[in-house]
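Asker: no sequence on this one, just coordinates:
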């Protein structure tokens, strides 16, 4: 869509009729192929989730200091969405929405402790859809938010290897015992990378890919935990902190934030204020924190490389659809913020790659803004599974032609009433109290100048506001952890 113009997301009656006719034709063709013995086997699916990986990586910016050669290697095989966004900048609401195809505003799953299964007792996860279609569904690592009862869903898998507890050093490595918990630590650890969560997850997935190709197609979910905190990585993944540097900041960045932003961000402000205090006491702490995050990204990329090597050595290679995504981004001090839990670009912009043999070309980049609600319907369509009512739309038209018309901007939610809309040019944020932010990414990629109060941008705001959820579910009860 053109900036400042809203196009309705509804379908006309005749368009729905045409879709029905196309579906019936496809179904008839499939039946003919089955009857004549010419039906192709369903593709395997390699479904890769990476936790907390932001956009300061060479996959999305060749000049970025965090190098991700294996992500680039995967993108060279298919389509990279350069403007892909999470559904929510927090693990549980993001993953629950992606895996069920229903946004937080539909489900009421807004928080990390929300009981997603209580909110959606009868909803099939995407893995359950594949199990019902006759797939062998296996997985390991972090797919759902947490391994505890109530988050992980046993009915979604035929076999699943839970994450082992984080291998922790005897004491905090960052010399800042007052900075958060053991989970907000960083440094070189462990000495043997084979004892890490992600190495074990990669091992499981490698064995699954090496298993004989049987009658059932395979859906394999690979959940890579890093670069989630604590920022521990083996020594060989650390690069000189001076080569990494620090992300750009503006000293007065909070001066034009509205009340809604100030209130929402107040609960996580301690991450940044605590870091500045620690850095004054131990100069260089901030640089080492960023260095450790970069090392974790490199480590995660290396585990991806091990899994891709196994796929390449397998007869499954040319029959496997690969989907890679991160559940949300991560601030490293930009906008005086650390962690996710914000509706700004850095918390929401994520790597998203799809390799679909026979559908995607090689090394294609799509600039259309999408959020990860597209994954559920896209995989169903790519694999010929029955349609399911979802909040997102299939991105198969974009996979076939990256320049296809796409009238739907990316929509993000963090907490009830707080939403962001990202079009090709603009990021619009509206908070529960009605206050707003608006950023022009053509001239302000760091989101330093909030334009929401300027009269000349009224129409831009109105066009983006029209994409906000018209109804919002009440927040579902939380689980104790």
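Answerer: Noted; the coordinates are in hand. This is a predicted model, so every value here is computed, not measured. Numbering: from 1, shown residues only.
Asker: can you point me to the longest helix in this structure?
Answerer: Taking DSSP state H as the criterion, the chain has its longest helix at helix 285-312.
Asker: separation between residue 410 and residue 151?
Answerer: Per CB to CB, to the nearest Å, residue 410 is found 25 Å from residue 151. C-beta: built from backbone N, CA, C; applies to glycine.
Asker: show me which of the two is the more surrounded one.
Answerer: Applying other CB atoms under 10 Å to residue 410 and residue 151 shows that residue 410 carries more neighbours, namely 26 against 22.
Asker: which strand residues bridge that one?
Answerer: residue 422 (DSSP bridges).
Asker: about what we covered before: now the helix or strand just after the longest helix of the chain: how far from the chain's centre is it?
Answerer: With elements assigned by DSSP states H and E, the helix or strand that comes after helix 285-312 is strand 320-326. How far strand 320-326 lies from its chain's middle: 11 Å, per CA atoms, centre = their mean, to the nearest Å.
Asker: what mean pLDDT would you report for strand 320-326?
Answerer: The average of the pLDDT scores along strand 320-326 is 98.
Asker: now for that strand, which elements pack on it?
Answerer: Strand 320-326 is packed against strand 44-50, helix 69-75, helix 285-312, strand 352-355, helix 375-382, with contacts defined by 3 or more CB pairs under 8 Å, 6 or more residues apart in numbering; DSSP states H and E.
Asker: the last one vs strand 320-326, what angle?
Answerer: Per axes from the mean of the first three to the mean of the last three CA atoms, to 10 degrees, the angle that helix 375-382 makes with strand 320-326 is 170 degrees.
Asker: picking that back up, angle of the longest helix of the chain against strand 44-50?
Answerer: Using the same axes, to 10 degrees: helix 285-312 against strand 44-50 is 170 degrees.
Asker: quick check: mean pLDDT across helix 285-312?
Answerer: pLDDT averaged over helix 285-312 gives 98.
Asker: and it, how far from the chain's centre?
Answerer: On CA atoms, centre = their mean, the centre of helix 285-312 falls 16 Å from the chain's centre.
Asker: before we move on, what about stretch 84-104?
Answerer: Counting by CA atoms, centre = their mean, stretch 84-104 comes out at 8 Å from the chain centroid.
Asker: could you tell me the end-to-end distance of it?
Answerer: 18 Å (CA to CA, to the nearest Å).
Asker: give the buried residues for the helix or strand where residue 263 lies.
Answerer: Assigned by DSSP H and E, residue 263 belongs to helix 259-266. Buried residues in helix 259-266, defined by neighbour count with 16 or more other CB atoms under 10 Å: 260-261, 264-265.
Asker: dump those to TSV, plus pLDDT.
Answerer: Below are the buried residues of helix 259-266 laid out as TSV (pLDDT from 0 to 100):
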residue	pLDDT
260	98
261	98
264	96
265	96
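Asker: can you check what angle separates the helix or strand residue 278 falls within from helix 259-266?
Answerer: With secondary structure defined by DSSP H and E, residue 278 is part of helix 269-281. Here helix 269-281 points in a direction 60 degrees away from that of helix 259-266 (the same axes, to 10 degrees).
Asker: what comes up buried for helix 269-281?
Answerer: Quick answer for helix 269-281 (16+ other CB under 10 Å): 271-272, 274-275, 278-279.
Asker: and residue 26, what's its pLDDT?
Answerer: Residue 26 is given a pLDDT of 41.
Asker: whoops, residue 17 was the one
Answerer: For residue 17, pLDDT reads 45.
Asker: please apply the same query to residue 38.
Answerer: 45.
Asker: kindly report the same for residue 41.
Answerer: pLDDT, residue 41: 84.
Asker: just residue 14 next, same as before
Answerer: On the pLDDT scale, residue 14 gets 47.
Asker: residue 1 too?
Answerer: What the model reports as pLDDT for residue 1 is 34.
Asker: can you tell me the closest non-neighbouring residue to residue 372?
Answerer: Closest residue in space to residue 372, ignoring its immediate chain neighbours: residue 98 at 5.0 Å, by CB to CB, 6 or more residues apart in numbering.
Asker: wouldn't the one you found be in contact with residue 85 here?
Answerer: No: with contact defined as CB atoms under 8 Å, residue 98 does not reach residue 85; the gap is 11.6 Å.
Asker: so what sits against both of these two?
Answerer: Both residue 98 and residue 85 are in contact with residue 372, where contact means CB atoms under 8 Å, 6 or more residues apart in numbering.
Asker: quick one: the buried residues of helix 269-281 as CSV, columns for distance to residue 49 and pLDDT too.
Answerer: Converted to CSV, these look like this (distance: CB to CB, whole Å; pLDDT from 0 to 100):
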residue, distance to residue 49, pLDDT
271, 23, 97
272, 27, 97
274, 29, 97
275, 27, 98
278, 31, 98
279, 32, 97
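Asker: ok, back up a step: which residues does the helix holding residue 278 contact?
Answerer: Against helix 269-281 from outside (CB under 8 Å, 6+ apart): 174, 176, 178-180, 184, 285-286, 289, 333, 336-339.
Asker: which of these sits closest to residue 47?
Answerer: residue 339 (25.5 Å; CB to CB).
Asker: which parts of the stretch 1-150 of the chain are helices?
Answerer: 13-35, 69-75, 91-100, 104-107, 116-119, 126-132 (DSSP state H, counting those that start in this stretch).
Asker: ranking these by mean pLDDT, which is last?
Answerer: helix 13-35 (a mean of 45).
Asker: ends of stretch 462-475, how far apart?
Answerer: 26 Å.
Asker: give me the buried positions along it.
Answerer: 463-464, 467-469, 472-473, 475.
Asker: repeat that for stretch 227-242.
Answerer: Buried residues in stretch 227-242 (16+ other CB under 10 Å): 227-234, 237-238, 241.
Asker: in strands only, show me those residues.
Answerer: 231-233 (DSSP state E).
Asker: mind putting these in JSON lines, distance to residue 51 and pLDDT included?
Answerer: Compiled in JSON lines, those are given as follows (distance: CB to CB, whole Å; pLDDT from 0 to 100):
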{"residue": "231", "distance to residue 51": "12", "pLDDT": "98"}
{"residue": "232", "distance to residue 51": "13", "pLDDT": "98"}
{"residue": "233", "distance to residue 51": "14", "pLDDT": "98"}
